[in-house]
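K.L.:
no FASTA, just this:
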């Protein structure tokens, strides 16, 4: 019983802290550890209205980290909080970049891609 009460109190505290940060437009989460001394790459995000946003990241960063670290405002951004359980982060790669990806498509990823808009042969 005491454990349940402690968990409920922890959830309440975390929810209040999270709401406080959201009110101040500060994002406090990251899905991967910082990548020191890695090559920088440029990423172009294209919003639904066609607006292009260029940002820099480091090799090894997740794209969610690039969005967070550059404070980019994207609709649906991080809806799954980095658990890869939604299709809001639909990516379209150049063919050579797609072919160089270390992990190949899984059945779960294919299921998520079925929900994405404007699929291509190099969608992930």
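P.N.:
Okay, I see it. All of these numbers come straight from a predicted model, not from anything done at the bench.

K.L.:
Do I have it right that residue 48 meets residue 88?
P.N.:
No - Residue 48 sits out of contact with residue 88 when judged by CB atoms under 8 Å, with a separation of 10.9 Å. In this view, the C-beta of every residue, glycine as well, is placed from N, C-alpha and C.

K.L.:
hey, what's in contact with both of the two?
P.N.:
residue 75 (CB atoms under 8 Å, 6 or more residues apart in numbering).

K.L.:
Comparing these two, which residue is more hemmed in?
P.N.:
Using other CB atoms under 10 Å as the criterion, residue 48 and residue 88 rank with residue 88 on top: 14 against 9.

K.L.:
what element comes up after the helix or strand bottoming out on mean pLDDT in the chain heading to the C-terminus?
P.N.:
Of all helical and strand segments in the chain, the minimum by mean pLDDT, DSSP states H and E falls on helix 2-23, at a mean of 49. Sequence order places strand 40-46 as the next helix or strand after helix 2-23, per DSSP states H and E.

K.L.:
Partner strands of that next one, with direction?
P.N.:
strand 52-58 (antiparallel) (DSSP bridges).

K.L.:
contacting residues around stretch 117-124?
P.N.:
In contact with stretch 117-124 (CB under 8 Å, 6+ apart) are residues 90-95, 97-98, 101, 105, 109, 113, 116.

K.L.:
what's the answer for stretch 98-110, then?
P.N.:
84, 93, 113, 122, 124.

K.L.:
any idea of the mean pLDDT for that stretch?
P.N.:
Averaged across stretch 98-110, the pLDDT comes to 88.

K.L.:
if we can go back for a sec, which one of the contacts of stretch 117-124 is nearest to residue 61?
P.N.:
Minimum distance to residue 61 across these is 13.6 Å, recorded for residue 91 (CB to CB).
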